[in-house]
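got a predicted structure here, sequence first:
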Amino acid sequence: MLRTRIFHSRRWLCRSFSNILHSAPLRVCVVGSGPAGCYTAEKLLKAHQQAQVDIIDRLPTPFGLVRSGVAPDHPETKIVVNQFSRVAQHERCSFFGNVTLGSSISLSELRKLYDVVVLAYGAESDRNLGIPGENLKGVISAREFVWWYNGHPDGRNLDPDLKSTDTAVILGQGNVALDVARILLRPTAELATTDIANHALAALEESTIRVVYLVGRRGPAQAACTAKELREVLGIRNLDISIQESDLLLTPADEEELKSNRIHRRIFELLSKAATSRPRHADLNQRQLCFVFFRKPDSFQESKNSTGHVSGVRFEKTVLKGAGPGKQIAVGTGEFEEIKCGMVLKSIGYKSVPVDGLPFDHKKGIVPNDEGRVLSDTLDTAVLEEGLYVCGWLKRGPTGIVATNLYCAEETVSSILEDLEKGALISSTAASKPDSEERKLGSLRNKPREKLATWNELLTVTSEGTGYST
Amino acid sequence: MLNLNSRLTRVAISIAKSLFTRDYTSICRAGYTPSTRNYCLQPSFQQNLLTNLYKGAMFEKHNFLSTTASNNAAESGSQEKETISVTFVDKDGEEHLIKVPIGMSMLEAAHENDIELEGACEGSLACSTCHVIVMDVEYYNKLEDPTDEENDMLDLAFGLSETSRLGCQVIAKPELDGVRLALPAATRNFAVDGYVPKPH
């Protein structure tokens, strides 16, 4: 009698445990609160009713590049913060600022604390050119400059010298390059009403820079910017635009490329229009923007008057060579020329930084992954880092717009859900479940634990913790 | 016997409680290491900040919606049946037939009817997330041509088609009655269709 009662109680208790464990939370940590992190949190919270998401960020402020990357004169791009704030306010979501992966907490510690860790900490370093003179004073990365004018605490001390030269050279013709050019050339009265950092506004008001070169290795048919940003920079008040008309001659290969690429086609049209339309107040304008195509940086020149400071960039002229269908690369011609300048901004791409214990593909600058699942080995897609995922620039490289992360996050989240369903995720929290259940069952019998001794029992307990039954 | 049962119930309830409440995870977190405990002080400050941001956002949003609503109310007062039928076909191919008041954008209409259309920039022509595909060319031709600014954003839309538009720029008018709009099924193919600026 007693035995059967206990047996029944146990069965009842087991069932209760199952039910409780079945709806136990899925504990997720998202590292990085930029677009990739916020979209990942949003999609996860929506897709998994038991998901509890903690977002950590190394800065005390959330939203990553929406705050410190998007230009101050693009307030409409930042409206997405409203949506991201709603994510952070979600009852199953918390934001923890001032927590740095790698120093406040290690990746392995984080993986022990959470069932799922999604790394979305972006790309906080720069690609290097690896050419002589790159460390001269006056040569800075566009990323640092952007952080500086956007009030990123790590950009506060950059203090770029805008007063001892009238010429700046920007290497690269992507959107970051155009943003930087616009900030340097736009009337400061127009910037004063934006959320630009005060120290940057003060420095720009005193800037003596009047000529900005935007230099690209390839031609106007391959420029990496988008139409909105180009239209904007071409429309700056009292600005002369200089584009060599000879650069606008298209080869059959260029035409082929343009035919299949709407963005490049529209960019080319805008540049052609700007090259042929005469400036209305030629010579009266105080500021000038020069697009320079087919030039590859060869070295930075050191100033003779001020040691250690840049005084110009030496370029090698290039021609385009076919490299596969629809793709042309720039190759040097052996012909060189120099542009004198007192400031160089390298806008040739961002680079992600690995942390301890994270597989990293140094060649591509990303974490090796299969649709967001972190791979232990770059070459072998079969070995996965259980419970570890990536999203955003760390996953696919530093390209694309805010919305690119929406699709990127959808992909990573559906990988997570697939893995949960397959029961492939038996991570820290799930792994501790047999222990707690064994102890509880044992306590009913005055034993330290009642061991779950079949595969079936063990796997049932661990997989139920994920919110899915197997 | 009875005693044992009720004790079990209590145990189960307390376990259930601890599993269900958020405290459970907080306790784990705080107890983790002394260094993480310091960081747990941050959220209260941060959440206040976020709350304020959030309130701001809600306020704006509310204003934005209520203005539209009152306009519609005024219009429907003078003319009855000032709506058109619009069908949204979502990513799974499911159809949603809704009534949209004349003058309302498809982005607002989708949101008012819980149709999953993103609107990151809330209709300020700074993103391409409300991209819709007009399923019938005849209806597409009834729309005014997209402006340069809309085209700039469509450049970046995923799964762009010949009859793509931004939902925020398509405004309900009588000629559009019966229009069918597809939400691009872009989940899996962003790397193919999406714009990926080439490194320079």
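Good, I have the coordinates.

in terms of contact, does residue A:123 touch residue A:365 like I think?
Yes. If you go by Cβ atoms under 8 Å, residue A:123 and residue A:365 touch, sitting 7.3 Å apart. (C-beta placed from N, C-alpha, C; glycine too.)

what touches both of these two?
Contact criterion Cβ atoms under 8 Å, 6 or more residues apart in numbering or on different chains; residues shared by residue A:123 and residue A:365: A:351, A:352, A:397, A:398.

so residue A:355 sits in a helix?
No. Going by DSSP: H, G, I helix; E, B strand; the rest coil, the assignment for residue A:355 is coil, not a helix.

out of the shared contacts of residue A:123 and residue A:365, which are buried?
A:351, A:352, A:397, A:398 (16 or more other Cβ atoms under 10 Å in any protein chain shown).

over to the first one: give its phi and psi.
Main-chain torsions, residue A:351, degrees, to the nearest 10: phi -140, psi 140.

what pairs with it across the strands?
Per DSSP bridges, the residues bridged to residue A:351 are residue A:125.

what sits against the residue lying closest to residue A:167 once chain neighbours are set aside?
Nearest non-adjacent residue to residue A:167, counting by Cβ to Cβ, 6 or more residues apart in numbering or on different chains: residue A:341, 4.2 Å away. When contacts are counted by Cβ under 8 Å, 6+ apart, residue A:341 touches A:165, A:167, A:168, A:169, A:213, A:310, A:311, A:312, A:313.

okay if I get those residues as a markdown table plus secondary structure, pLDDT and neighbour count?
Below are the contacts of residue A:341 laid out as a markdown table (DSSP: H, G, I helix; E, B strand; the rest coil; pLDDT from 0 to 100; neighbours: other Cβ atoms under 10 Å in any protein chain shown):
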| residue | secondary structure | pLDDT | neighbour count |
| --- | --- | --- | --- |
| A:165 | coil | 96 | 21 |
| A:167 | strand | 98 | 19 |
| A:168 | strand | 98 | 25 |
| A:169 | strand | 98 | 28 |
| A:213 | strand | 98 | 22 |
| A:310 | strand | 98 | 25 |
| A:311 | strand | 98 | 19 |
| A:312 | strand | 98 | 19 |
| A:313 | strand | 98 | 24 |
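
returning to that earlier point: separation between the residue nearest to residue A:167 and residue B:97?
Per Cβ to Cβ, to the nearest Å, residue A:341 is found 61 Å from residue B:97.

which regions of chain A lie under the pLDDT threshold?
A:1-23, A:278-284, A:424-432, A:434, A:454-455, A:458-459, A:462-470 (pLDDT under 70).

let's see it at 50
A:1-2, A:4, A:6-7, A:9-22, A:428, A:465-470 (pLDDT under 50).

and if you look at chain B?
Using pLDDT under 50, chain B drops low at B:1-78, B:186-200.

can you give me the helices for it?
Secondary structure of chain B by DSSP state H: the helices cover B:2-20, B:23-30, B:34-39, B:42-78, B:106-112, B:137-142, B:148-154, B:190-193.

just the stretch 151-300 of chain A next, same as before
Taking DSSP state H, counting those that start in this stretch to define them, one finds helices in the stretch 151-300 of chain A at A:175-185, A:188-191, A:198-205, A:227-234, A:252-259, A:262-276.

the first one vs helix A:198-205, what angle?
Put simply, helix A:175-185 runs at 70 degrees to helix A:198-205, going by axes from the mean of the first three to the mean of the last three Cα atoms, to 10 degrees.

who are the packing partners of helix A:175-185?
If you count contacts as 3 or more Cβ pairs under 8 Å, 6 or more residues apart in numbering or on different chains; DSSP states H and E, helix A:175-185 packs onto helix A:142-149, strand A:167-171, helix A:198-205, strand A:211-215, helix A:227-234, strand A:287-292.

tell me which of those is the most buried.
strand A:167-171 (a mean of 25; mean count of other Cβ atoms under 10 Å in any protein chain shown).

helices or strands next to that strand in the packing?
Using 3+ Cβ pairs under 8 Å, 6+ apart: strand A:167-171 touches helix A:175-185, strand A:211-215, strand A:328-340, strand A:343-346.

brilliant, that's me finished.
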